[in-house]
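Q: only geometry, no sequence info:
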């Protein structure tokens, strides 16, 4: 009974943060639980055998091994379950809303200016009726200004 109360004490803040729609607190809590789960995984002692031993190779008695779980392993299972539940709750809250003042709006208030027509350096509507509008402002370099390509030989 005491074990379940301790486990419930870790799950309760997640559900409180979700019920109050405290997205920031829920995200902070998921980061803390994730960090604790990583630390719990790292302090566990290695058992050897690897994946082959856990899946029945090397004469294993059961799917996940015959040994009973240590208290650290049990705590790791609880923390990873808590991590999963918190991530699901945070996803159900949806994306964070954009700030009203100083933040980027979700949709622009004014439509964007249309792109200029191809081949002009001017925006659409700025002198589009004049014949010079279709001529580029800077002419392309002509072939006369380029050096000629002479064939060179090593004995020159």
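A: Done, it's in. The structure presented is a predicted model; accordingly, all values stated were derived computationally and were not measured.

Q: okay, CA-based contacts and neighbour counts for the rest of this
A: OK.

Q: hmm, who's touching the host helix or strand of residue 10?
A: Using DSSP states H and E, the element containing residue 10 is helix 2-19. Contacts to helix 2-19, defined as C-alpha atoms under 8 Å, 6 or more residues apart in numbering, come from residues 23, 25-26, 29, 78, 82, 86, 89-90, 93.

Q: can I get those residues in a markdown table with secondary structure, distance to residue 70 and neighbour count?
A: Output for those, formatted as a markdown table (DSSP: H, G, I helix; E, B strand; the rest coil; distance: C-alpha to C-alpha, whole Å; neighbours: other C-alpha atoms under 10 Å):
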| residue | secondary structure | distance to residue 70 | neighbour count |
| --- | --- | --- | --- |
| 23 | helix | 34 | 18 |
| 25 | helix | 31 | 17 |
| 26 | helix | 29 | 22 |
| 29 | helix | 25 | 18 |
| 78 | helix | 13 | 16 |
| 82 | helix | 18 | 21 |
| 86 | helix | 24 | 24 |
| 89 | helix | 29 | 20 |
| 90 | helix | 30 | 22 |
| 93 | helix | 35 | 14 |
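
Q: which one of these sits closest to residue 41?
A: Nearest to residue 41 among the contacts of helix 2-19 is residue 78, at 11.9 Å by C-alpha to C-alpha.

Q: any idea how far that closest one is from residue 8?
A: Residue 78 is 10 Å from residue 8, where distance means C-alpha to C-alpha, to the nearest Å.

Q: with residue 30 instead?
A: 16 Å.

Q: out of those two, which sits in the busier spot?
A: Taking other C-alpha atoms under 10 Å, residue 30 and residue 8 do not tie; residue 30 has more neighbours (20 against 12).

Q: surely that one and residue 89 touch.
A: No. Counting by C-alpha atoms under 8 Å, residue 30 sits too far from residue 89 to count as a contact (10.1 Å).

Q: in the chain, what helix or strand scores lowest on average pLDDT?
A: helix 50-54 (a mean of 50; mean pLDDT, DSSP states H and E).

Q: where does this protein have low pLDDT?
A: 47-68, 98-113, 116-117, 119-156 (pLDDT under 70).
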